[in-house]
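Q: 3D, please:
(one chain, ligands or ions: 1)
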Amino acid sequence: MSEKEKLIENLVSKSGKSIDDINKLVADKVNELSGLVSEEGAIYIVANDIGVKLDAERPKKEADLVKIEDVTEPKVPTSLNCKVIRKYDKVTFQSKSGSEGSVQSILVGDETGVTRIVFWNEKTEVLDNIQEGDILAITNAYSRENNSQRIEIHFGQYSEIVVNPQGVEITLPEYTPRDIEFTESKVNALEEGAKNIKINGIVSSYDIPRFYVGCPECFKKVQQDDGKQMCGQHGEVQANRIPIVNLIVGDETGTIAVVGFRDRAEQLSGVSTEEVLGFTEDIDKYRDFCKRIVGAKVELGGNVTTNNMTGDMQVMANQIINLELKTVEEIAKDEIAEESKKAEATDDEDLDIDIEEIDFDDDML
Ligand SMILES: [Zn+2]
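A: Coordinates of the predicted model:
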């Protein structure tokens with residue numbers, strides 16, 4: 001008997017409804033939430049709607065403590081120590097019968113990887129006291145396969161959690177994804193409007209970075225008003241220079257412009273924001289840096305948008321998964337190869353783009 005069949009049977013016996021009625025309620029719920037939940041998830045919501053508490057099997061012993069990379073199979077009791085990378089908003093469903101269901105998830109990581117942990121209904125309250133950066137010791141959760149065939153972890157009826165336990169430290173690797181829902185794509189297969197795509201390629205050019213003056217809270221551009229820097233949302237602020245970098249990234253199928261703002265500008269450059277801003281003032285530093293980044297391998301996630309100025313497609317980077325700046329040795333090798341050819345002088349491009357024309361997407365900030 002499958003997990004789904006067990007749950008349905010459990011629900012039929014506890015609700016006193018017929019199996020046909022239950023199947024219909026579940027199908028309606030799947031439709032109503034249009035792909036947001038799996039059938040199993042829908043069964044739990046229906047149970048909640050009709051006031052039935054489904055039994056989860058009480059674990060006979062505490063689940064083994066595992067690392068995230070080892071959570072590869074569904075339906076395995078799982079205990080893990082992890083760090084909260086991202087806390088997503090709670091999603092609330094109003095069912096036709098008027099009762100409410102909710103689901104909320106967090107993205108967590110350890111030294112070996114990242115995964116999502118999902119909390120249903122009253123379990124979402126656990127997240128009220130949890131913030132990004134907290135360390136969690138979770139016992140007796142269980143793994144499940146979601147609609148995208150990804151393994152995630154569910155915080156169930158017998159799961160327990162300790163927030164910031166003493167003596168547990170977790171250091172996340174430098175390029176830990178902040179989102180896991182990326183779909184890998186070749187450059188020539190990118191389509192306008194595509195969200196959360198991932199590309200893997202080589203940096204073929206790196207423009208002189210630009211910056212705008214933005215609010216330190218929300219990173220939107222500030223307006224000058226009577227010598228004051230005003231944010232539409234936050235009033236008078238001490239504005240910062242927010243860097244923007246533009247790269248061309250190519251794979252074996254083609255090239256695409258990639259844009260990164262703020263911390264994404266820093267990550268897309270592999271150096272600090274101060275250094276990125278320094279390139280705007282010192283052309284020699286910029287040229288030296290280009291030797292390290294042009295030719296570097298990069299893997300990044302983002303959304304495909306249209307550049308307002310050129311009408312061309314571009315990727316707005318929202319996650320730099322990996323960037324391997326070239327080493328001194330690699331640069332030296334390149335220079336020797338370069339000398340054997342006659343280097344062609346190239347004119348600097350006109351980089352004076354009006355910041356007003358940059359298409360801000362709130363997701364990017
Ligand atoms: Zn602001």
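Q: Please make it C-alpha for all contacts and neighbour counts, starting now.
A: Fine.
Q: Asp207 contacts Ile244, doesn't it?
A: No. In this structure, Asp207 is not within contact of Ile244 by Cα atoms under 8 Å, at 9.8 Å.
Q: of the two, who's got more company?
A: Neighbour count, other Cα atoms under 10 Å: between Asp207 and Ile244, Ile244 has more, with 24 against 19.
Q: That one is in contact with Leu268, isn't it?
A: No. Counting by Cα under 8 Å, Ile244 stays clear of Leu268, with 9.7 Å between them.
Q: Spell out which residues are contacts of both of these two.
A: Applying Cα atoms under 8 Å, 6 or more residues apart in numbering, one finds that Ile244 and Leu268 are jointly contacted by Gly260.
Q: Enumerate every residue touching Glu330.
A: Under the criterion of Cα under 8 Å, 6+ apart, Glu330 has no neighbours.
Q: In three-state terms, label it for me.
A: For Glu330, the secondary-structure state derived from DSSP: H, G, I helix; E, B strand; the rest coil is helix.
Q: how much space between it and Cys290?
A: Distance of Glu330 to Cys290, given as Cα to Cα, to the nearest Å: 13 Å.
Q: Equivalent analysis for Asn318, please.
A: In this structure, Asn318 lies at 22 Å from Cys290, with Cα to Cα as the measure.
Q: more neighbours, those two?
A: Neighbours of Asn318 and Cys290, each counted by other Cα under 10 Å, are more numerous for Asn318; the result is 27 against 21.
Q: For beta bridges, what are the partners of the nearest residue to the more buried one once chain neighbours are set aside?
A: Setting aside the residues directly before and after it, Asn318 is nearest to Gly302 in space (Cα to Cα, 6 or more residues apart in numbering), at 4.8 Å. Beta-bridge pairing of Gly302 under DSSP bridges involves Ile197, Ala317.
Q: what number of residues lie near Gly302?
A: Other residues near Gly302 number 25, with proximity taken as other Cα under 10 Å.
Q: Direction included, what does the worst-scoring helix or strand of the chain on mean pLDDT pair up with?
A: Among the helical and strand segments of the chain, the one scoring lowest on mean pLDDT, DSSP states H and E is strand 91-94, with a mean of 76. Partners of strand 91-94 in the sheet, by DSSP bridges, are strand 100-110 (antiparallel).
Q: May I see the buried residues of the partner strand?
A: Of the residues in strand 100-110, Gly101, Ser102, Val103, Gln104, Ser105, Ile106, Leu107, Val108, Gly109, Asp110 count as buried by neighbour count, 16 or more other Cα atoms under 10 Å.
Q: what's the closest of the residues you listed to Thr92?
A: The closest of the buried residues of strand 100-110 to Thr92 turns out to be Ser102 (Cα to Cα; 4.2 Å).
Q: how about that closest one, what does it touch?
A: Lys90, Val91, Thr92, Phe93, Trp120, Asn121, Glu122, Thr124.
Q: What is the nearest of the residues you listed to the ion?
A: When these are compared for distance to the ion (Cα to the ion), Lys90 wins out at 24.0 Å.
Q: how deep is the closest one tucked in, by neighbour count?
A: 18.
Q: Now do it, the pLDDT please.
A: Residue-level confidence at Lys90 comes out at 85, pLDDT.
Q: That one reaches Ile106, doesn't it?
A: No. Applying Cα under 8 Å, one finds Lys90 not in contact with Ile106, separated by 10.0 Å.
Q: Shouldn't Gly278 be within a strand?
A: No. The assignment for Gly278 is helix, going by three-state DSSP, so no strand is present there.
Q: Give me the distance between it and Ser105.
A: Using Cα to Cα, we find Gly278 at a distance of 39 Å from Ser105.
Q: how about the strands of the stretch 101-250 of the chain, start to end?
A: Taking DSSP state E, counting those that start in this stretch to define them, one finds strands in the stretch 101-250 of the chain at 113-120, 135-145, 151-155, 160-163, 183-184, 197-206, 210-214, 223-225, 228-231, 235-236, 240-251.
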